[in-house]
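Peer 1: Any chance you could fold what I've pasted below:
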Amino acid sequence: MNNTQMSARVGLFFAIGVVLIWVTYDALRGNSINRKHGYTIVAGFPTLKELKVGDEVRMAGVKIGSVEITRLASTRAEAVLRILPEMHIPKDSVGAISMAGLIGTNYVSINLGHPELGTIPEGGEMLTRTAPDLNQIMSDLGDLGQDLKGALANISQAFSGGADGKGGLLSKLDKLVSENSEKINATMANLEDITAKIRNGQGTIGKLINDPAAYDSLLATVNEIKGAAADARTFLTNTQGIIDQVKSGKGSLGTLVYDEEAGNNIKIVTKNLRDLSEKLNNPNSSFGQLITNDQLVRDAQATLRKVDSAVDSLGDSGPISAVGTVAGKLF
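Peer 2: Below is the predicted model of the structure:
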């Protein structure tokens, strides 16, 4: 092999090595060979965290592009995303910065959305949300650990007692039990006595528990109370129905209460009765004299006696004589 062939092979291997290095570098950056392939959209976040140029853009876990530019814009950070031309992102899709594993790189995660609502155009801005950050989660866990440590310390201090020497909850309970041991024993003895009486059927509770007849009697009483309550409910329902009828003007009572003509008739009858009562109480009127004048009563009795005497004498005389006899008796 001559020097010319050797030089050609070395040059060829060198060129292939350069191409492989470039492809590897470009793949590690997450870009295709042609960086301008596709279209760009903007995603704004309060912070980009560890997101950098070349990180992937995924929709439903599928890579559809990469981060082309990161920049600051007023009060937020923006990432310009280059999306493959055949991929269309719906307008209601929401992007978030996610982490690929505990030690993986960050990437932009986009949900599917609804394509019928339209897609984001070239240079448009997509909706975003802030996803939990691992560092923030670890910080929150650290704070939670501190709070838990403080709570456990307080609980331990409450049980064991503080530095003031007054003793904790356990020592106070032990002291309380020691000082009241006699009362506690007496109380336990009373409870044992009560439970023994109940078990032997003594007392009201014991009879209810051990005597079937007492239980049946109590059950019958309860059923009677339920029946009385049902009757009371029925009575109230009927009473409410009567009240409703009266309010609607139905029936005699409803007519008397709500019928204006019936009310006027009652007023007229009441007035007539009052006038009649006044006439009866007036001694100058005919009715009043009939009631209060004793002389009229005596005259009426005398007249009735004369009529009775005249009728008795009719049987002994003729018609003409009878008329004359009656006239003579009366006048």
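Peer 1: got the residue ranges for the strands in the protein?
Peer 2: 39-45, 56-59, 62-73, 76-83, 94-99, 106-110, 127-128 (DSSP state E).
Peer 1: Next, the angle from the third one to strand 94-99.
Peer 2: Read it as strand 62-73. Interaxial angle of strand 62-73 relative to strand 94-99 (axes from the mean of the first three to the mean of the last three Cα atoms, to 10 degrees): 90 degrees.
Peer 1: what pairs with strand 62-73, and is each one parallel or antiparallel?
Peer 2: Partners of strand 62-73 in the sheet, by DSSP bridges, are strand 56-59 (antiparallel), strand 76-83 (antiparallel).
Peer 1: Surely L208 is in contact with Y215?
Peer 2: Yes - checked against Cβ atoms under 8 Å, the pair L208 and Y215 is within contact range at 5.9 Å. The C-beta positions use only the backbone N, C-alpha and C, and glycine is treated the same way.
Peer 1: ok, W22 to A196 distance?
Peer 2: Going from W22 to A196 by Cβ to Cβ, to the nearest Å gives 97 Å.
Peer 1: got it, and I97?
Peer 2: 74 Å.
Peer 1: the more surrounded of these two?
Peer 2: Shown here are I97 and A196; by other Cβ atoms under 10 Å, I97 has more neighbours (23 against 11).
Peer 1: Just give me the longest helix of the protein.
Peer 2: Counting by DSSP state H, the longest helix found in the chain is helix 212-247.
Peer 1: What residues sit buried inside that helix?
Peer 2: By neighbour count on 16 or more other Cβ atoms under 10 Å, the buried set for helix 212-247 is V246.
Peer 1: Distance from the chain centre to that helix, please.
Peer 2: 31 Å (Cα atoms, centre = their mean, to the nearest Å).
Peer 1: what helices or strands is it leaning on?
Peer 2: For helix 212-247, the packing partners by 3 or more Cβ pairs under 8 Å, 6 or more residues apart in numbering; DSSP states H and E come out as helix 203-210, helix 251-258.
Peer 1: Can you tell me the centre-most residue of the protein?
Peer 2: For the chain, the residue nearest the mean C-alpha position is R233 (27.8 Å; Cα atoms, centre = their mean).
Peer 1: Check what pLDDT that residue gets.
Peer 2: At R233, the model reports a pLDDT of 88.
Peer 1: so A96 makes contact with R129?
Peer 2: Yes - between A96 and R129 there is a contact at 5.1 Å, judged by Cβ under 8 Å.
Peer 1: Between the two, which has more neighbouring residues?
Peer 2: A count of neighbours by other Cβ under 10 Å puts A96 above the other of A96 and R129, at 17 against 10.
Peer 1: How about that one: what's its closest non-neighbour residue?
Peer 2: In space, not counting the residues next to it along the chain, A96 is nearest to A131; the distance is 4.1 Å by Cβ to Cβ, 6 or more residues apart in numbering.
Peer 1: same thing with K207?
Peer 2: A214 is the one closest to K207 (Cβ to Cβ, 6+ apart), at 4.4 Å.
Peer 1: Please report how far that neighbour lies from K149.
Peer 2: Going from A214 to K149 by Cβ to Cβ gives 60 Å.
Peer 1: that older thread, tell me the angle of the longest helix of the chain relative to helix 203-210?
Peer 2: Going by the same axes, to 10 degrees, helix 212-247 is angled at 100 degrees with respect to helix 203-210.
Peer 1: and of the strands paired with strand 62-73, who's closest to H37?
Peer 2: H37 lies closest to strand 76-83 among the strands paired with strand 62-73, at 7.8 Å (Cβ to Cβ).
Peer 1: distance between the ends of stretch 120-138?
Peer 2: With Cα to Cα, to the nearest Å applied, stretch 120-138 spans 35 Å between its terminal residues.
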